[in-house]
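> Mind looking at a prediction? Sequence and model below.
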Amino acid sequence: MSGVSLMKEIVEKLVKIVGAEFVSDQPEERYIYSMDPGTMPPREPDIVVIPGTSEEVRQIMILANRDEIPVVPLGAGLVLSGLSRALKGGIILDMKRMNRILEVNETSRYAVVEAGTSQGMLQAYLKKHHPNLKHSAPDAPPVATIAGNVSIHGSGHLSHAAGFHSDMLNGLEVVLPTGEVARIGSCATSPYWFSRAPLPDLAGLFLGWAGTTGVITKLAIKLYPNYKYNDVGIFVTEEAQLIPDILHRMTGTQVAEDMTTWMTPKPDWARGFLHCDINFGANTKDELIWKRNLIRASVQEYIDQKVAGFMPLPPAMKQPFLEVPARTLSRFADVRRGGGFEYVGAIMPVDLFPEAYKVGLEIADSLNVNYSLGSRIIGVNHCMMFFYAYAFNRADPADVERAQKALEETNRIVVDMGGIPWKAEAPAQKEIIRKMDPNMFDLMNRIRAVLDPKGIMNPGNWEED
Amino acid sequence: MYELNYDLQICEQCETCDCLVNCQYLDFDLKSAKIEKQNILMGRDSKVLDECVTCYACEEYCPNDNHPFYLIVERQEEKGILPAPAPITKQQIIMMQPRGTITPAQVRPPVINMCYFPMLTGCIRGKLYEGASYIVGSDIFCNVMWLHFAKNSIIRERLPRMIDNIWSHYLRDSGVNELVCFHDECFGTFTQLATAFGIDVPFKSIHLFEYLSKKLDALQDQIQPVNAKVAYQRPCSNRLVPETQHWVDNIFQRIGIERVEREYDRENALCCGQVFRAHQRDELADDVQRRNLDDMQQAGANYCVFNCPACFFTLAEAVSERGIFPILMSDLCQLAFEKGT
Ligand SMILES: Cc1cc2nc3c(=O)[nH]c(=O)nc-3n(C[C@H](O)[C@H](O)[C@H](O)COP(=O)(O)OP(=O)(O)OC[C@H]3O[C@@H](n4cnc5c(N)ncnc54)[C@H](O)[C@@H]3O)c2cc1C
């Protein structure tokens, strides 16, 4: 059968599975699904399909596996590094219709959701039905999906308190590339989705793999207290070398929920200053003040030396810094107009902060790109996601190229420095693989061969040259 | 350039040292006050220079108008004593710097100076401001705030330019020589601080309260009494011009307001606390705000009236939480005309 007639047959079969409304091989859909807002070049899929249930996903995977058709799972496509482009054609599996919130356990603080549930939907649902609970939302636009974010080891507003979003995962339902549906975590054995322990932890088979090992259809994530009172402090210094110790001291108090840093040349008053935002919440005002005092006491030495201090912000001016998600990065994302935005998020030890910052300034300076630098602390200073964000105008090829160069250069330097690009673009994945213990890469390949014997899951990712 | 107009002998001969003895935040008896004062005069180290909360009040307490506060700030800067951390001070200086975007424009009297509070220009409305023009922006910012940051040098550098901007871009060519200052800071700067530093001001400044009082007189027959009990939050910059205080009672009386009797009013007013936070003294700010708000509440106020926008932004939320309605003086006066509409 020719490629074209095979695809026609697949479309017909897909229509039988999900209904005609939710399958398309038309050029307009293929065009839209060929790209994301980042710098990676477009790659058209042959077909786009939008399943509504786990059973439909199962049937689609059986079909694709039989005919060896590539399948690329897609959430909101906001990863920015082109991970949900169809590098080898085939099917884009858009998960957005699977957006039901299945359960919220108020006492054990977790939610079970379908994979396409968006951050915004869960946030709104909790606000309405469980106002005492919240999840750790990333600063991505609210359409970003819970599964897409967890599966790439995302991070967000509770990451200082509770780690990567993948650390907050209690369990998964996945459809394997060969069509079996597997439950992972407590939900494999119990009706409750309370944790991944004490069973062998297979969740790692689907975290950080960029959709190359299976399709997540359901997941449970941990929820946390939604405090009545919230505050933020912005600690400012001009000395980058102080930041690791400042963060070490502040995180040592373990009272904050989120700690981020930001360094940007605009507005003028921000240029050259390093800002650490410390977000914390409490059940009472007194508790809030107590927490603020603990944080302040941890860095009092620097305050007394007059080399750093908290920005004096009246309550109304704190609002933008208390928003979840924060809008600042989204605003920066369109600073060049034309909607192009991508960042290198480098996971690295906090010790590397001064070097990471210096590199960021040098790259932006040498390539003359619009930049925004910053980091989010993961855990109690256990590591950080240091981001180098570049905005560009998609309609200006020279601008795109400049940003691409900046990203490539940043990825390379980050790896050399000892960091690891997060949600790395396919070329950056190769850079990582070059540095990786060969036995780890070999193990990855063996696992993939077992899970996905025909190599249909998001091919082109986590592959050597 | 712009030497502080200050007479050492007056202080040396001063018997009462009110500037320090009356301080609400530092505790001095007459003897210790005199020692510290002498240290300041002689350019020696002094506890005052390290601990001054920069509330401006000693400018009011001094019976000789000898600018004790400006001298403290002068000495702090000479000695490199920073009340706030260096990056905070530097960042504020950049944040508030003139953008140089001012362009000449025709204005009509009354011209209301909104300082650098563009978000408050909506206050200039209705009968009280009929026919008024307003001016606003970084290029006309009075810059008196640097007193809180031991930076008289910035005032010297920027204030003359601001005054010139107001004069040459707006007033002079419009044939206007009076400026109504919405904020006490501007009025205090142009009428008192500028004189202390020998900076010329080619126009006449009118305090907002004087303007409002006269407007209320003119519109007397249209006033509907507001019938509220208010606590007044006197701002630090009013310490530079205490002679304007009587206008507050004047206004209240005209629009049917009862100013509640409370401890922290008039000469005993407490700072809103925001500057203490810039100085990284949160616990002091908490304490001062708590005492101030307890006092307002116990006195039975149902409105808290501000004239300083910075005090307003600092305390509005906290007073609301106490069930007290925060309002700017200008808006309070508007209520006398807008009620029931
Ligand atoms: C302005 C801005 C701010 C951002 N801030 C943050 C932030 O604070 N924290 C953060 O973590 N990220 C952030 N991001 C990055 C990104 O948007 C998020 O990580 C987002 O959550 C990714 O989710 P998605 O649904 O868009 O995933 P997609 O881009 O659709 O997919 C991501 C990867 O997961 C795979 N995948 C998706 N769904 C499934 C599934 N059901 N099963 C298996 N694999 C799947 C895809 O194949 C792809 O490899 C930001 C992005 C922007 C534009």
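Received it, and whenever you're ready, just let me know what you need.
> what residues does the stretch 151-300 of chain B put near chain A?
Counting by Cβ under 8 Å from any Cβ of the partner chain, the residues of the stretch 151-300 of chain B close to chain A are B:274, B:275, B:277, B:278, B:280, B:282, B:283, B:286. Glycine gets a C-beta too; all of them are placed from N, C-alpha and C.
> Please convert the buried members of these into PyMOL selection syntax.
The PyMOL command for the buried members of these (criterion: 16 or more other Cβ atoms under 10 Å in any protein chain shown) is given here:
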select buried, chain B and resi 274+275+277+278+280+282+286
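> I'd like to know which of the residues of the stretch 151-300 of chain B next to chain A are part of helices.
Per DSSP state H, helices hold the following members of these: B:274, B:275, B:277, B:278, B:282, B:283, B:286.
> sec struct for the closest residue to the second one other than its chain neighbours, please.
By that I understand residue B:275. Nearest residue to residue B:275 in three dimensions, chain neighbours excluded: residue B:148, at 4.8 Å (Cβ to Cβ, 6 or more residues apart in numbering or on different chains). Assigned with DSSP: H, G, I helix; E, B strand; the rest coil, residue B:148 falls in the helix class.
> which residues touch the closest residue to residue A:154 other than its chain neighbours?
Leaving aside its chain neighbours, residue A:154 sits nearest to residue A:165 (4.4 Å; criterion: Cβ to Cβ, 6+ apart). Residue A:165 is in contact with A:136, A:138, A:149, A:150, A:153, A:154, A:155, A:156, A:159, A:221, counting by Cβ atoms under 8 Å, 6 or more residues apart in numbering or on different chains.
> try residue A:79
With Cβ under 8 Å, 6+ apart, residue A:79 has these contacts: A:36, A:38, A:148, A:152, A:423.
> where does chain B have low pLDDT?
Scanning chain B for pLDDT under 70 picks out the ranges B:339-341.
> mind giving me the domain ranges of it?
Domains of chain B are assigned by automatic domain parsing as B:8-79, B:95-211, B:223-338.
> what's the closest non-adjacent residue to residue B:86?
Residue B:86 sits nearest to residue A:306 (Cβ to Cβ, 6+ apart), 5.1 Å away.
> brain fart, residue B:297
Here the residue nearest residue B:297, using Cβ to Cβ, 6+ apart, is residue B:322, at 5.1 Å.
> now swap in residue A:384 and tell me
Counting by Cβ to Cβ, 6+ apart, residue A:384 lies nearest to residue A:375, which is 4.4 Å off, once chain neighbours are set aside.
> Give me the most central residue, the chain.
Using chain A. residue A:154 (3.3 Å; Cα atoms, centre = their mean).
> actually chain B
Chain B, centroid-nearest residue using Cα atoms, centre = their mean: residue B:237 at 2.3 Å.
> I'd like to know how far the closest residue to residue B:293 other than its chain neighbours sits from the ligand.
Excluding its sequence neighbours, the residue lying closest to residue B:293 (Cβ to Cβ, 6+ apart) is residue B:322, at 5.5 Å. For residue B:322, the distance to the ligand (Cβ to the nearest ligand atom, to the nearest Å) stands at 37 Å.
> For whichever strand or helix holds residue B:212, which helices and strands make contact with it?
Residue B:212 belongs to helix B:208-218 when assigned by DSSP states H and E. With contacts taken as 3 or more Cβ pairs under 8 Å, 6 or more residues apart in numbering or on different chains; DSSP states H and E, helix B:208-218 sits against strand B:178-181, helix B:246-254, helix B:329-338.
> repeat that for 6 Å
Using 3 or more Cβ pairs under 6 Å, 6 or more residues apart in numbering or on different chains; DSSP states H and E, the elements in contact with helix B:208-218 are helix B:246-254.
> How about the helix it packs on, which residues are buried there?
Buried, per 16+ other Cβ under 10 Å, within helix B:246-254: B:247, B:248, B:250, B:251, B:252, B:254.
> Quick check: the farthest pair among those?
B:248 and B:254 (11.1 Å; Cβ to Cβ).
> one step back: please tell me which one of the contacts of residue A:165 counts the most neighbours.
Within these, most neighbours by other Cβ atoms under 10 Å in any protein chain shown means residue A:155, with 31 neighbours.
> neighbours of the nearest residue to residue B:94 once chain neighbours are set aside, just the number please.
Leaving aside its sequence neighbours, residue B:94 sits nearest to residue A:269 (Cβ to Cβ, 6+ apart; 4.4 Å). By other Cβ under 10 Å, 15 other residues sit near residue A:269.
> again, but for residue A:255
For residue A:255, the neighbour count with other Cβ under 10 Å is 22.
> Can you give me every residue that contacts it?
A:280, A:291, A:294 (Cβ atoms under 6 Å, 6 or more residues apart in numbering or on different chains).
> about what we covered before: tell me the spacing between the residue nearest to residue B:86 and residue A:388.
Note on residue A:306: its distance to residue A:388, by Cβ to Cβ, to the nearest Å, is 30 Å.
> So for these two, which residue has more residues nearby?
Counted by other Cβ under 10 Å, residue A:306 and residue A:388 do not tie: residue A:388 has more neighbours, with 29 against 18.
> Tell me how many other residues crowd whichever residue of the stretch 351-465 of chain A sits closest to chain B.
Residue nearest to chain B within the stretch 351-465 of chain A (Cβ to the nearest Cβ): residue A:357, separated by 15.2 Å. Other residues near residue A:357 come to 21 when the count uses other Cβ under 10 Å.
> Now, the contacts of residue A:165 that are in helices?
The members of the contacts of residue A:165 that map onto helices under DSSP H are A:149, A:150, A:159.
> Kindly reformat those residues as CSV containing distance to residue A:321 and pLDDT.
As requested, those are exported to CSV (distance: Cβ to Cβ, whole Å; pLDDT from 0 to 100):
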residue, distance to residue A:321, pLDDT
A:149, 22, 98
A:150, 25, 98
A:159, 16, 98
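> Pretty sure residue A:346 sits in a strand.
Yes. Counting by three-state DSSP, residue A:346 is part of a strand.
> Return the set of residues that bridge with it.
residue A:386, residue A:421 (DSSP bridges).
> What's the end-to-end length of stretch B:11-21?
One end of stretch B:11-21 sits 13 Å from the other (Cα to Cα, to the nearest Å).
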